[in-house]
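J.: Build the 3D model from these lines:
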Amino acid sequence: MNFLDIHIGALIDIKVREKKIHLDRLCKFFKCTEQKVSDMYKAKSLDTECLLKWCKLLEYDFFRIYSQHLILYSPPGNANYKSFKKPVSKLPQFRKNIYTKEIIDFLLAMIRTGEKTKSQVIAEYGIPKTTLYKWLEKYA
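T.: Next up is the predicted model:
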């Protein structure tokens, strides 16, 4: 899976085919025409409300694909920047990162090939040292 270039419509099409859901059921669920469903398959991105409906129908979290992208490709925060006040956000704050098997494999592959050292992975991706060593032990 290429988390850098996400084409959500194509991924939805794959999941629909895997679950063998008929087009008439999709049209009834979305209250739309066959052409509109076809347009969704061709769309590189979808409205979040529409994507949430797809997640419920197909019982698959498509938003997690975007989370993987953020974990892998967003720039690391500036560790030297000191903030006097933490900004208060109205959005929920999550305590843990989402580490899927793909993320773990990606990071461990960089270490095994020598592309990055353990300390570089810890520093650049914000992986706790104990977590990385547990992965190395578990997936070695």
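
J.: so where does Lys53 fall, helix or strand?
T.: When elements are assigned from DSSP states H and E, Lys53 belongs to helix 48-58.

J.: swap in Leu108?
T.: According to DSSP H and E, Leu108 maps onto helix 101-112.

J.: for that helix, packing partners?
T.: Counting contacts by 3 or more Cβ pairs under 8 Å, 6 or more residues apart in numbering; DSSP states H and E, helix 101-112 is packed against helix 63-73, helix 118-125, helix 129-138. All C-beta spots, glycine's among them, are computed from the backbone N, C-alpha and C.

J.: Could you point out which residue ranges in the protein have low pLDDT?
T.: Low-confidence segments of the chain (pLDDT under 70): 76-86, 93-97.

J.: what sits against Cys24?
T.: Rather than Cys, residue 24 is Asp. By Cβ atoms under 8 Å, 6 or more residues apart in numbering, the contact set of Asp24 is empty.

J.: same question but for Asp105, I mixed them up
T.: Residues near Asp105 by Cβ under 8 Å, 6+ apart: Tyr139.

J.: separation between it and Leu70?
T.: Look at Asp105 and Leu70: by Cβ to Cβ, to the nearest Å, they are 18 Å apart.

J.: got it, and Pro128?
T.: 18 Å.

J.: likewise Glu115?
T.: Distance from Glu115 to Leu70, by Cβ to Cβ: 21 Å.

J.: and what of Tyr139?
T.: 23 Å.

J.: Surely Val16 and Arg25 touch.
T.: No: here Val16 lies out of contact with Arg25, judged by Cβ atoms under 8 Å, at a distance of 9.8 Å.
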